[in-house]
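Trainee: Have a look; sequence and predicted model below, questions after that.
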Amino acid sequence: MKKSRYTESQIFRILKEAEAGVPVAEVCRKHGMSNATFYNWRSRYGGMDASSMKRLKELEEENARLKKMYAEEKLKADIIAEAMEKKW
């Protein structure tokens, strides 16, 4: 997964800046990002505070770790099942 150039606190600050009345195009130009990135952030993080954003990031990291663990265990189970099918 690609690492973001912006931290959660920077994203939060950028969204708050736009909520304060600064036009979205100006905010995007100032921070060197596309409008699409801004709107993706707004749909994902809109209405959250800094602690909620941090918790969301922690949950996403935990979810990725658990998915990786599941994939490894599934691979092991498939290998064992394949070995048990073979006739000796």
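Mentor: That came through, no problem.
Trainee: avg pLDDT for the longest helix anywhere in the chain?
Mentor: Secondary structure of the chain read by DSSP state H shows that its longest helix is helix 50-85. Averaged over helix 50-85, pLDDT sits at 92.
Trainee: same deal with stretch 13-26?
Mentor: For stretch 13-26, mean pLDDT is 91.
Trainee: Could you give the separation between the terminal residues of it?
Mentor: This stretch, stretch 13-26, spans 14 Å end to end (C-alpha to C-alpha, to the nearest Å).
Trainee: Give me the buried positions along that stretch.
Mentor: Applying a neighbour-count criterion of 16 or more other C-beta atoms under 10 Å, one finds 14, 15, 18 buried in stretch 13-26. Bear in mind the C-beta positions are built from the backbone N, C-alpha and C, glycine included.
Trainee: Same check on stretch 58-69?
Mentor: Under 16+ other C-beta under 10 Å, stretch 58-69 has no buried positions.
Trainee: Take the buried residues of stretch 13-26 and keep only those in helices.
Mentor: If you go by DSSP H, the buried residues of stretch 13-26 have 14, 15, 18 in helices.
Trainee: quick one: which of those is nearest to residue 78?
Mentor: Closest to residue 78 out of these is residue 15 (43.7 Å), distances taken as C-beta to C-beta.
Trainee: got a list of what that closest one touches?
Mentor: Residues near residue 15 by C-beta atoms under 8 Å, 6 or more residues apart in numbering: 41, 42, 45, 46.
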